[in-house]
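Novice: my questions concern the predicted model and sequence given below.
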Amino acid sequence: MPNIASVLKEEIARVARKEVRADTQPLKKSSASHRSDIAALKRRIATLEQMVKRLGRAAGKKLPQAEVGMPAGTFRFSASGLLAQRKRLGLSAAEAGKLLGVSDQSVYKWENGKTRPRASQFALIAALRNMSKKDAAAQLAA
């Protein structure tokens, strides 16, 4: 037969655990909620920092355009237009790249619409529009 003292001790311990569990359960729930809120805020901060980086880069790209002296929005780049200009001048992609100061691969990607030229290169591309075949050949020879 179990001792009444040990039974009483076990019952007191059981009731105490039950009360502690009841007191700590709301704390655990609020702690989990706060952790998920913190994680969401960290994700939002990360996306906002990425946006700031992108905007900083975009602002940095717009500055050279202002230095060239072209008002914003006066030059519209078209991939098919660049291809047409290059063919009109009878240039290969490598020759057009030499005139523009870029690689032939860059010209190829611009013409296929895979990438766009930097704003600082728009002035050179615009100058290509006003160039004749003789001017292009002379610049390539020099």
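Specialist: Nice, thanks for sending it over.

Novice: and the most centrally placed residue in the chain, what helix or strand is that in?
Specialist: The chain has R54 as the residue nearest its centroid, 5.6 Å off, counting by Cα atoms, centre = their mean. Using DSSP states H and E, R54 sits within helix 4-68.

Novice: buried set for whichever helix or strand comes after that helix?
Specialist: As assigned by DSSP H and E, the chain's next helix or strand after helix 4-68 is helix 79-89. Buried residues in helix 79-89, counted by 16 or more other Cβ atoms under 10 Å: 79, 82-83, 85-86, 89. C-beta coordinates here come from the backbone N, C-alpha and C atoms, glycine included.

Novice: among these, which one has the lowest pLDDT?
Specialist: Minimum pLDDT for the buried residues of helix 79-89 is recorded at A79 (84).

Novice: quick check: pLDDT value at the residue lying closest to that one once chain neighbours are set aside.
Specialist: Excluding its sequence neighbours, the residue lying closest to A79 (Cβ to Cβ, 6 or more residues apart in numbering) is G113, at 4.2 Å. If you check G113, the pLDDT there is 87.
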